[in-house]
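Participant: sequence below, structure please.
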Amino acid sequence: IQTILTNTSHQGTTLEDVNKVLAELNTYADKTIYNFAEMTRNIGTFTAAGVDLDTSTAAIKGIANLAAASGSSSQQASTAMYQLSQALAAGKVSLMDWNSVVNAGMGGELFQNALKETAKQMGIYVDKSKPFRETLQDGWLTAEVLTKTLTKFAEDESLLKAATEVKTFTQLLDTMKESVQSGWATSWEYIIGDKEQAASFFTAISDGFNKMIQPS
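Facilitator: Predicted coordinates for the structure are as follows:
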């Protein structure tokens, strides 16, 4: 939360905005095979790359949906999220970035075609006579093309369906664990409060403890 606020407060983002988005993402994580903690951490890297909070959230969902459709694991999805956040910071997707996406099992025709279609809609020329990898050196795969494509994936019902299907026993355990963690997170927020309330509570305890310890 602190990381996200630091990176987006200049855009007018408040703690309430962050809590709302994270609650939405937590609900998504409970329904799917993906990890809320990993997605939250990667929102931090997306916002650090200059992407606003809402777009970052949609992009994270889009990557998770794409990973599900591609048969990639939550760990592979997290790797792709991190690498694409680095590409966003650079302003475009390089061949090295794309190689990481391919290694995560997510660089197939579904993603390639969607990216080219988005570029076409934005009036950006992509040389179809060259292999996809070779076209990247032309610089057409910009941060905006990437985020718009990922936002489309976030809203795609067929991809969301793939993300909510539990296909293995391991995935079953993961989804059950996510649900339990969500419940505990809510319970602890009732007890110690949100970020600001918790900071006030724990700081008061720390100050009181120091007043007792320092004289001795």
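
Participant: how about stretch 12-27: buried residues?
Facilitator: For stretch 12-27, the neighbour count (16 or more other CB atoms under 10 Å) marks Thr13, Asp17, Val18, Val21, Leu22, Leu25, Asn26 as buried. In short, each C-beta sits where N, CA and C put it, glycine included.

Participant: with stretch 111-130 instead?
Facilitator: Those buried within stretch 111-130 under the rule 16+ other CB under 10 Å are Phe111, Gln112, Ala114, Leu115, Lys116, Thr118, Ala119, Ile124, Val126.

Participant: residues in contact with the residue positioned nearest the centre of the chain?
Facilitator: Among the residues of the chain, the one closest to the centroid is Ile60, at 2.9 Å (CA atoms, centre = their mean). Neighbour list for Ile60: Leu25, Met39, Asn42, Ile43, Phe46, Met81 [criterion: CB atoms under 8 Å, 6 or more residues apart in numbering].

Participant: quick one: contacts for the first one?
Facilitator: Leu25 makes contacts with Phe36, Met39, Thr40, Ile43, Thr57, Ile60, Lys61, as judged by CB under 8 Å, 6+ apart.

Participant: kindly recompute the last result at 6 Å.
Facilitator: By CB atoms under 6 Å, 6 or more residues apart in numbering, Leu25 lies in contact with Met39, Thr57.

Participant: so where's this structure uncertain?
Facilitator: For the chain, the stretches with pLDDT under 70 are 33.

Participant: that one: helices as residue ranges?
Facilitator: Using DSSP state H, the helices of the chain run over 2-8, 15-31, 36-48, 53-70, 74-90, 95-103, 109-121, 132-135, 143-155, 157-164, 169-192, 195-213.

Participant: next one: Met176 from Asp30, what distance?
Facilitator: 10 Å (CB to CB, to the nearest Å).

Participant: of the two, which one has the most company?
Facilitator: Asp30 (18 against 12; other CB atoms under 10 Å).

Participant: residues in contact with that one?
Facilitator: Going by CB under 6 Å, 6+ apart, the list of residues near Asp30 reads Glu178, Ser179, Ser182.

Participant: list buried residues within those residues.
Facilitator: Glu178, Ser182.

Participant: out of the contacts of Asp30, which is nearest to Glu134?
Facilitator: Set against Glu134, the nearest of the contacts of Asp30 by CB to CB is Glu178 (39.9 Å).

Participant: was I right about the closest one contacting Thr27?
Facilitator: No: applying CB atoms under 6 Å as the test, Glu178 and Thr27 come out as separate, 10.3 Å apart.
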